[in-house]
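Any chance you can model this:
(chains A and B)
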Number of protein chains: 2
Amino acid sequence: MSFTIIEGGVTAAQGFLAAGCAAGLKKNGNADMAMIFAKTPCEVAGTFTTNRVKAAPVVWDRDIVSSGAKVQAIVVNAGVANACTGEQGLAYCRETAEEAAKALNVPAENVLVASTGVIGRQLPMDKITAGVRTLAGKLGDCLHDGTDAAKAIMTTDTVVKQAAVSVTFADGSVATIGGCCKGSGMIHPNMCTMLSFITTDACICKEMLQKALSEVVPDTFNMVSVDGDTSTNDTCLLMSSEMAGNTRINSENTDYTAFKEGLLDVCTRLARQMARDGEGATALFEMRVIHARTKEDAKVLARSVVSSALTKAAVYGHDANWGRILCAMGYSGAVFEPEKVDLFLSSSAGRIQILSNGVDTGYSEELATEILSQNEILCVADCKDGNASADAWGCDLTHKYVDINADYRS
Amino acid sequence: MSFTIIEGGVTAAQGFLAAGCAAGLKKNGNADMAMIFAKTPCEVAGTFTTNRVKAAPVVWDRDIVSSGAKVQAIVVNAGVANACTGEQGLAYCRETAEEAAKALNVPAENVLVASTGVIGRQLPMDKITAGVRTLAGKLGDCLHDGTDAAKAIMTTDTVVKQAAVSVTFADGSVATIGGCCKGSGMIHPNMCTMLSFITTDACICKEMLQKALSEVVPDTFNMVSVDGDTSTNDTCLLMSSEMAGNTRINSENTDYTAFKEGLLDVCTRLARQMARDGEGATALFEMRVIHARTKEDAKVLARSVVSSALTKAAVYGHDANWGRILCAMGYSGAVFEPEKVDLFLSSSAGRIQILSNGVDTGYSEELATEILSQNEILCVADCKDGNASADAWGCDLTHKYVDINADYRS
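Below is the predicted model:
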């Protein structure tokens, strides 16, 4: 392993500042705007929602990321998604970027924007512009500044989600990758999660930066499901300040591999935090499929199980109702032989084999219930049919999820 | 319209008897076994789950239906699904059929079986065989006998689900089509619903019988979703006693069309009843997509909305959170232009336009909430992009759904 887990988030890497503030978008007065600022223009990579309904900020960012322009700031608001807001919504993205450009003395075309919250409402631009000015005056490069930004992008999230690593390259130089994300409901990312911002100081060309992100996202953020609803705003952005001093990564060499491994770790830990903090969740439910025929089969099987409402409700009830797990694998569309499957459950309370060759092992229901009563549960399905494996992350379906979502706008 | 809605279910058509009984499979002592018997051998059509994990009775029935054999009886149990039960489970299907064959004096190869309930447990064969004998002695051809059978196949269902029509053919003869179904959880049929049994006395060849069923099921049962979980046991069977005396339907003539229209009505009403009685549901949520580009697009869009956990929770909260509806259309994979969509909500409390060309109409939230507070709600999305339309049926996501499914096996 070429990386080490370190503390921090978006300000862990050299060259990045961040801030969060309460701009008045959230009724409860919590922080609701964040800014990430790079001292120098950065290469940027991004992945965006595949939802046909794309929020205005997704359209704005995608154009900038694909243009090849360098980027120096990201302005984020929580509370209003700026989705389904027509031409006006897109004009507000430009206005936000222009306000930030003025405050930060950079071109508006170097400013990305992101939004999360209720769909269909227009941004309150007076609050947004005031927020942008406040944020510009608060920027700092300490770990707590990154945490402030990570806090400010939360909606129904209950915990701050950050992760960082340091990566050592072949020439002995060390780079840092750090990020934050938010996501709790409407989480079933396709291309990317709700909102995730990652920074690095590694020297790496735009092509390799995008390649690393595009390779990592399908195995991390795209393997999370809270409720099967793919958002209109899913955005993952990765900026590099290139201040680490390593030999610039221009090809898929060993340094690229090291960078990608570090990025994979950051994204995996962010994805797990998101699933663990799913709306109303009491437990993280990790589904690991091993020895599947193909990687795609393994992924489809794992994701189908964590997306199953019945499986999620059974986890909530601490009920080892394995029929629902096998059923969800069965309707996933992936190829496997039900009569070959071994199934295991484990957590801090122990490990138990539930199925052997598709048949009940006569396991102890008591131990199974104890295992399922912990707040991090791993289920492993061994398909004994190949060499591919995949992990997916979900959570249980609880009364609180219904409370939160029956009552979201009121 | 060539059909008339009439009372009754599986015993509405000439030549069919039915019965239900409590065989002791359900802990609460409710009826849990049903039998449908035809006085003469019948042509039979069937559609079955596409889940890769297929319950033993699905395998048994599919072999008989595809063999071209005529059928004279169906034995159904509720409480144990006989899924993931290996060779033993299939042997128990044969044993059940043989017991029924003995009691009814027909060949075992003419007896279909169906099961619903917990996955992974073996059938208690002593209770099943005793139940088969009881049922054979109770068979009757009155409407209430059909209702008894419909009651006995319920699991978490709270109401009996039946529908029937009489169809008039070109030669003036009149045939009847009647059926029952069950389904409340693990409902997201693919090919067919949980369990549905339909009988008719129309004279119609096996090929046309199967064709009519195969054409009707995708627009009816397959457009229902309670929780997105496609069951291992989904089965829909259609038997014809050919006692109506009509000119035998051997081709896609006007009588075939009349028969299919009648069948469509029966299946549509059964599908609606199933969605309305979804686990924990307080409301039927009908999603109608009109003016879509293709029929497939319309269906995918409609089904995506009724499957969305967030939309379902919003319906429960009587919250016209249209962003979730448009979002679910957006991630469905179907082609449409979000900025063209008009959206309407209606119920017995009134009708309201929510969106015009993808933008909020500034509708009254009070009226919208009143409309959503009724127990049958219709949402219409006009895509203004073609001539295809489709209906899908779902229900709200409630605390009770979580209760039922966190607690199912205990």
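
And the residue of the stretch 51-200 of chain A that's closest to chain B?
Chain B sits closest to A:Ile119 of the stretch 51-200 of chain A, with a gap of 2.4 Å, by C-beta to the nearest C-beta. Just so you know, the C-beta spots here come from the backbone N, C-alpha and C atoms, and that holds for glycine as well.

Spell out the secondary structure type for the closest residue to that residue other than its chain neighbours.
Nearest residue to A:Ile119 in three dimensions, chain neighbours excluded: B:Gly323, at 2.4 Å (C-beta to C-beta, 6 or more residues apart in numbering or on different chains). Assigned with DSSP: H, G, I helix; E, B strand; the rest coil, B:Gly323 falls in the helix class.

just A:Arg133 next, same as before
Relying on three-state DSSP, one would call A:Arg133 helix.

mind listing the helices for the stretch 201-350 of chain A?
Taking DSSP state H, counting those that start in this stretch to define them, one finds helices in the stretch 201-350 of chain A at A:206-216, A:254-276, A:295-307, A:309-316, A:322-330.

Just send those helices back as JSON lines, with distance to B:Leu135 too.
As requested, these are exported to JSON lines (distance: least, C-beta to C-beta, whole Å):
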{"stretch": "helix A:206-216", "distance to B:Leu135": "59"}
{"stretch": "helix A:254-276", "distance to B:Leu135": "48"}
{"stretch": "helix A:295-307", "distance to B:Leu135": "37"}
{"stretch": "helix A:309-316", "distance to B:Leu135": "30"}
{"stretch": "helix A:322-330", "distance to B:Leu135": "26"}
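
Redo the ones you listed as a markdown table? Include mean pLDDT and mean neighbour count.
Output for these, formatted as a markdown table (pLDDT from 0 to 100; neighbours: other C-beta atoms under 10 Å in any protein chain shown):
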| stretch | mean pLDDT | mean neighbour count |
| --- | --- | --- |
| helix A:206-216 | 92 | 19 |
| helix A:254-276 | 91 | 23 |
| helix A:295-307 | 93 | 24 |
| helix A:309-316 | 91 | 28 |
| helix A:322-330 | 90 | 27 |
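
and of those, who's closest to A:Ser356?
Closest approach to A:Ser356 among those (C-beta to C-beta): helix A:322-330, 11.5 Å.

residues contacting the residue nearest to A:Ile119?
Residues near B:Gly323 by C-beta atoms under 8 Å, 6 or more residues apart in numbering or on different chains: A:81, A:83-84, A:118-120, A:232.

Among the residues you listed, which lie within strands?
Counted as lying in strands by DSSP state E, out of the contacts of B:Gly323, are A:Val118.

Show me just the buried residues among the contacts of B:Gly323.
In the contacts of B:Gly323, burial by neighbour count holds for A:81, A:83-84, A:118-120, A:232, counting by 16 or more other C-beta atoms under 10 Å in any protein chain shown.

Mind picking the two most distant members of those?
Farthest pair in the buried ones among the contacts of B:Gly323 (C-beta to C-beta) is A:Val118 and A:Thr232. Separation: 11.2 Å.

Am I right that A:Asn28 sits in a strand?
No: per three-state DSSP, A:Asn28 lies outside any strand segment and is coil.

quick one, strands of the stretch 151-300 of chain A?
In the stretch 151-300 of chain A, the strands defined using DSSP state E, counting those that start in this stretch lie at A:161-168, A:174-182, A:195-200, A:235-240, A:284-292.

That concludes my questions; thank you for your assistance.
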